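Undergrad: Sequence and computational prediction follow.
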Amino acid sequence: MRTLISTAFISLDGVVEAPGGEPGYRNSGWTFKDIEFLPEAFELKGREQQEATAMLLGRTSYEAFSPVWPDMADFADYKVMPKYVVSTTLTEDDLVTNWGETTILRSLDDVAALKETEGGPIIVHGSAGLNRDLSDAGLIDRYHLLVFPLLLGAGKRLFSTTDKDAQKLKLVESAAYPNGIQKQVFDVVR
């Protein structure tokens, strides 16, 4: 069974919307505004590219990343790995041709079936709504969080507000950096 890893830049109050400057959000670009860049705080992001064997995205994140990431040196390892996009509306004609093999999944059942295949970890980038649905369905195995010392208020959240039984997490790696960013890696306890 493959491990499904949710990775996120997240504010202290749980917002994950527009960390890199995506338009339409009041605090867009919050990961680099007024926060000193320390390369060691982002070591986890490079490690993810080395360890992941596939990427899973929701439609909105796919449409945001696919025009940009294929040509970015920072994301070169993702270009060659298989990508899966969860969408009920996307068609094959909507997929970019310069980002490697991409498969459209139509449901969470398709994601569960993908997890049952042979292979290494699958990383989920962006995709706030998909992350909440995956969590509620019990499909996420690990969280890689870079927590920023900000309170953003409104915005898309990583975690669901669904009334459900408590989900226990086990902290397996952590670090705090002088710029206030904290790395928190949690395994989901089953």
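TA: Nice, thanks for sending it over.
Undergrad: Considering only helices and strands, which part of the chain has the lowest mean pLDDT?
TA: helix 76-80 (a mean of 93; mean pLDDT, DSSP states H and E).
Undergrad: what's in contact with that one?
TA: Gln49, Gln50, Ala52, Met55, Trp69, Pro70, Trp99, Gly100 (CB atoms under 8 Å, 6 or more residues apart in numbering). All C-beta spots, glycine's among them, are computed from the backbone N, C-alpha and C.
Undergrad: what helices or strands is the helix or strand where Ser135 lies leaning on?
TA: Using DSSP states H and E, Ser135 sits in helix 128-136. Applying 3 or more CB pairs under 8 Å, 6 or more residues apart in numbering; DSSP states H and E, we find helix 128-136 packed against strand 4-11, strand 54-58, helix 108-115, strand 122-124.
Undergrad: Can you add mean neighbour count and mean pLDDT and give those back as a markdown table?
TA: Written out in a markdown table, the entries for the helices and strands packed on helix 128-136 read as follows (neighbours: other CB atoms under 10 Å; pLDDT from 0 to 100):
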| stretch | mean neighbour count | mean pLDDT |
| --- | --- | --- |
| strand 4-11 | 22 | 98 |
| strand 54-58 | 24 | 98 |
| helix 108-115 | 15 | 98 |
| strand 122-124 | 24 | 98 |
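Undergrad: Can you lay out these as a markdown table showing distance to Leu169?
TA: Putting the helices and strands packed on helix 128-136 into a markdown table (distance: least, CB to CB, whole Å) gives the following:
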| stretch | distance to Leu169 |
| --- | --- |
| strand 4-11 | 11 |
| strand 54-58 | 20 |
| helix 108-115 | 18 |
| strand 122-124 | 16 |
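Undergrad: Which ones among the contacts of helix 76-80 lie within strands?
TA: With strands defined by DSSP state E, the entries of the contacts of helix 76-80 inside them are Met55.
Undergrad: Report the separation between the most centrally placed residue in the chain and Asp34.
TA: Closest residue to the average C-alpha location of the chain: His125 at 2.4 Å, with CA atoms, centre = their mean. Going from His125 to Asp34 by CB to CB, to the nearest Å gives 24 Å.
Undergrad: State the next helix or strand along the chain beyond the least confident helix or strand of the chain.
TA: Following helix 76-80 in sequence, per DSSP H and E, is strand 83-86.
Undergrad: Check which element follows that next one along the chain.
TA: Beyond strand 83-86 toward the C-terminal end (DSSP H and E), the next one is strand 102-105.
Undergrad: Which residues does that next one contact?
TA: By CB under 8 Å, 6+ apart, the list of residues contacting strand 102-105 reads 56, 82-87, 90-92, 95-96, 111, 114.
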